[in-house]
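S.K.: with the sequence up front, the predicted model follows.
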Amino acid sequence: MTLNDSRVARTQTSGHTTTARTQVTTVGGRRIVGAVVWLTEVGAATAEWLRDTVRPAGAVLAVAGTAGLVLGLVFGWVEAIVAGCLGLLLLAMAVPFLFGGRSYDVDLTMTHQRVVAGDAVDGRIVVRNVGRRTALPGRLDVPVGRGLIEIGVPLLRPAQQVVQPVEIPSLRRGIVTVGPVTTVRGDPIGMLRRERAFEDVHELFVHPRTATLPSTSAGLIRDLEGAATRRLVDADMSFHAIREYTPGDSRRQVHWKSTAKTGRLMVRQYEESRRSRMAVVLAVAATEYADADEFELAVSCAASLGLRAVRDARELDILAGSAIPRVVRGRLRAVQHLPTIAARPLLDGFSGVERLENTVPVDQVCRAAVEANERLSVAFLVLGSTLTLSRVRQIALAFPADTAVFAVICDERAHPRLQVLGSLTVLTVGTVDDLAGLLLRGATS
């Protein structure tokens, strides 16, 4: 072997050695990175478990016990050592109370999904021990809206179940979320707590209270085929007059007797018939009502009018203002249309109506109602007591002249009365039951 061959061999050997060392280093680096990632995940899971399990009392006891034990060992304080050991022992004795929380199988059922405001609703919870060991007594938390119902669970043997009744007290109007049911395990002192939430969640629609209105008062128009208007058309049901033929008129409308008398083509002219389309506009701005109870009265009145119209098979539009961001207030018009296809969806829609701080004023909602349907026969404005009569008359100007406008002023402190201000009829109600009598009086006057 020559000198050059020896150098090449040493160079190749050195290259293989460097490659092997690089591979070993790479494998070692991956293991270190994997170990760091694993320790990070374990640390995060432990921190999350401690945050969800250890209560403030337990944290204080753990810190005090550890500090007492360390100080006692450092300075030789026997009392501190004993106190620290007792604190940590007490904390350790609370751990067994956390066991058994995941052996439950919970089923929540409600007797009704829709109730009227002020009524209570019942339900039941079936708790079953699906574990292989006896489950110690525990507690179930049932969130109801912003409230909470606590239900005790007795000791359950394997495969044993217990049925616990759930009684939800009277609720205010709204859409209330019931659940998820949460099992709670904890010691009697309240140092440790373990929870497990189930996925069973129910939506409870709390409808507004409504009054039964006479069917003839819905829209105050009692037409079957339609009500005649002042608009003249070439073909309809209400005959108006005879006029001379103009190019483009249909030959089917030619009145031959008049044509024979005058010697010129004469055609029939009709008054347009409209179905009694009704609009209910509900004011939802917080500044338009004196308090929350007055707003609830307005929602009940609007729901009563809408419910009567739906039952009478009227063509109906129900509109209210919608929430808008404060930064675009005054530059954006947001309006919500409530469902009117049936009574249940209508009442469900009223369950979700809220009094809003940032929304459009009611006059803009009225303009949206006119733009959505120009052929309105009657419009009901359901308003609060903070609006003056002059302001109400200005709001009513948004509707066409041939639309009958009725303003329902909700004021719990006022006596029911009816006022006729030109083309505007103002109904002042103190309760939702006053609405039926005032509408009947307005229909017969």
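M.R.: Yep, that arrived.
S.K.: and the strands in the stretch 151-300 of the chain?
M.R.: 161-168, 174-178, 182-186, 193-197, 202-207, 227-233, 238-244, 266-274, 278-282 (DSSP state E, counting those that start in this stretch).
S.K.: any idea how far the last one is from the middle of the chain?
M.R.: By that I understand strand 278-282. 21 Å (Cα atoms, centre = their mean, to the nearest Å).
S.K.: residue numbering should commence at 51 henceforth.
M.R.: All right, first residue 51 from here; so that's strand 328-332.
S.K.: what strands line up against that strand, and which way round?
M.R.: Sheet partners assigned to strand 328-332 using DSSP bridges are listed as strand 366-371 (parallel), strand 428-434 (parallel).
S.K.: what's the angle from whichever helix or strand comes after the longest one to strand 328-332?
M.R.: Counting by DSSP states H and E, the next helix or strand C-terminal to strand 428-434 is helix 439-446. Calculated by axes from the mean of the first three to the mean of the last three Cα atoms, to 10 degrees, helix 439-446 forms an angle of 130 degrees with strand 328-332.
S.K.: quick check: buried residues in helix 439-446?
M.R.: Neighbour-count burial for helix 439-446, counted by 16 or more other Cβ atoms under 10 Å, picks out 442-443, 445-446. C-beta coordinates here come from the backbone N, C-alpha and C atoms, glycine included.
S.K.: contacts for stretch 94-110?
M.R.: Outside of stretch 94-110, the residues within contact range by Cβ atoms under 8 Å, 6 or more residues apart in numbering are 112, 141, 144, 148, 236, 239-245.
S.K.: among the residues you listed, which one is most surrounded by other residues?
M.R.: The most crowded member of the contacts of stretch 94-110, judged by other Cβ atoms under 10 Å, is Met241 (23 neighbours).
S.K.: could you check how far that one is from Thr96?
M.R.: As defined by Cβ to Cβ, to the nearest Å, Met241 lies at a distance of 18 Å from Thr96.
S.K.: ditto for Ile391
M.R.: Distance from Ile391 to Thr96, by Cβ to Cβ: 54 Å.
S.K.: likewise Gly240?
M.R.: Taking Cβ to Cβ, one finds Gly240 at 22 Å from Thr96.
S.K.: quick revisit: would you reformat the strands paired with strand 328-332 as a markdown table and include mean pLDDT?
M.R.: Putting the strands paired with strand 328-332 into a markdown table (pLDDT from 0 to 100) gives the following:
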| stretch | mean pLDDT |
| --- | --- |
| strand 366-371 | 92 |
| strand 428-434 | 93 |
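S.K.: farthest-apart pair in the buried residues of helix 439-446, please.
M.R.: Arg443 and Ile445 (7.3 Å; Cβ to Cβ).
S.K.: buried ones in stretch 160-176?
M.R.: Buried-residue list, stretch 160-176, by 16+ other Cβ under 10 Å: 160, 165, 167, 171, 173, 175.
S.K.: of those, closest to Ala329?
M.R.: For the buried residues of stretch 160-176, the residue nearest Ala329 by Cβ to Cβ is Ala167; the value is 24.6 Å.
S.K.: dump the residue contacts of that closest one.
M.R.: Applying Cβ under 8 Å, 6+ apart to Ala167 gives the contacts 220-223, 256-259, 346.
S.K.: can you flag the buried ones in the residues you listed?
M.R.: Neighbour-count burial (16+ other Cβ under 10 Å) is assigned, among these, to 221, 223, 256-259, 346.
S.K.: find the nearest non-adjacent residue to Ile252, please.
M.R.: I think there's a mix-up here, since residue 252 is His and not Ile. If the residues on either side of it in the chain are set aside, His252 comes closest to Val228, at 4.4 Å by Cβ to Cβ, 6 or more residues apart in numbering.
S.K.: centre of the chain versus stretch 97-109, how much separation?
M.R.: 33 Å.
S.K.: how far does that stretch stretch from start to finish?
M.R.: Distance between the two ends of stretch 97-109: 13 Å, counting by Cα to Cα, to the nearest Å.
S.K.: for stretch 175-193, same thing?
M.R.: 13 Å.
S.K.: so which bits of it are buried?
M.R.: 175, 177-179, 181, 185-186, 188, 190, 192-193.
S.K.: these in strands, which ones?
M.R.: Under the assignment DSSP state E, the buried residues of stretch 175-193 contribute 175, 177-179, 188, 190, 192-193 to strands.
S.K.: rank these by pLDDT and give me only the lowest.
M.R.: Lowest pLDDT within those is found at Gly188 (78).
S.K.: local confidence estimate at Val74?
M.R.: Reported pLDDT for Val74: 49.
S.K.: kindly report the same for Gly492.
M.R.: Gly492 is assigned 62 on the pLDDT scale.
S.K.: repeat for Asp273
M.R.: 46.
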